[in-house]
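> model this:
(chains A and B)
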Amino acid sequence: GNSVTQMEGPVTLSEEAFLTINCTYTATGYPSLFWYVQYPGEGLQLLLKATKADDKGSNKGFEATYRKETTSFHLEKGSVQVSDSAVYFCALARTSGTYKYIFGTGTRLKVLA
Amino acid sequence: GAGVSQSPSNKVTEKGKDVELRCDPISGHTALYWYRQSLGQGLEFLIYFQGNSAPDKSGLPSDRFSAERTGGSVSTLTIQRTQQEDSAVYLCASSLSGVYNSPLHFGNGTRLTVT
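Here you go, the predicted structure:
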């Protein structure tokens, strides 16, 4: 079946450090891929998405590239800020049938000043 | 408001009681989803509505769980005879059309504690 696996957290970084949060998926067909972020005390919100292989999603300095050959969608940011501290969820959505989003377990990021 | 609204934000109930959780989606959004988030777990899909019908309810854990949506808007998730393992944060999300690349807009969730 369809599934999403992302790296265990928490991840603790110093401000301005480079961030990578790994995400791999298993899916039939060609799903769309997403990163959602949950800031403290807030609901989940879309961070970025990619809908086909080799697409790069980007937003707020974050990037992720849809890699079909490695079934991955790793989240990266070149220089993190304290305000990036949040829980990050990788997700996929099927492109046929019912449009059920499948989420990973989430990775908590803590950025220290 | 403009976002997805869920109520109550917190609910403490005794084992065996019934609870109702409410979700008010963004106006005009035809798709509505319920997810459950347990400590240390990801988001577990429960049910998906398109309009008032539920083409996918495969995630409902047992027949104690049910959900309905009326007028293509408000949805209610009902848990009967609650058990301690039902304790979790229940999240509602809506999207414009339910098309696979239509982003989900989440509410802040209802934290359910069964004692």
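> quick one: contacts for residue A:92?
A:2, A:4, A:25, A:27, A:31, A:32, A:33, A:34, A:101, A:102 (Cβ atoms under 8 Å, 6 or more residues apart in numbering or on different chains). Where C-beta positions appear, they are placed from N, C-alpha and C, glycine not excepted.
> one more time with 6 Å, if that's ok
A:4, A:25, A:27, A:31, A:33, A:102 (Cβ atoms under 6 Å, 6 or more residues apart in numbering or on different chains).
> strands paired with the helix or strand of chain A with the lowest mean pLDDT, and their directions?
Sorting the helices and strands of chain A by mean pLDDT, DSSP states H and E puts strand A:101-103 at the bottom, at a mean of 89. Next to strand A:101-103 in the sheet, as set by DSSP bridges, lie strand A:86-93 (antiparallel).
> quick check: the two most widely separated of the contacts of residue A:92?
Across the contacts of residue A:92, the longest distance by Cβ to Cβ is 10.5 Å; it joins A:33 and A:102.
> please say which of those two ends up with more neighbours.
residue A:33 (28 against 21; other Cβ atoms under 10 Å in any protein chain shown).
> surely the more buried one touches residue A:73?
Yes: contact criterion Cβ atoms under 6 Å: residue A:33 and residue A:73 qualify, at 4.3 Å.
> which neighbours do these two share?
What both residue A:33 and residue A:73 touch, as defined by Cβ under 6 Å, 6+ apart, is the set residue A:66.
> poorly predicted segments of chain B, please.
Scanning chain B with the threshold set as pLDDT under 70 gives B:1, B:40, B:98-101.
> how about the strands in it?
For chain B, strands defined by DSSP state E occupy the ranges B:5-7, B:10-13, B:19-24, B:31-37, B:43-50, B:53-56, B:65-69, B:75-79, B:88-95, B:105-106, B:110-114.
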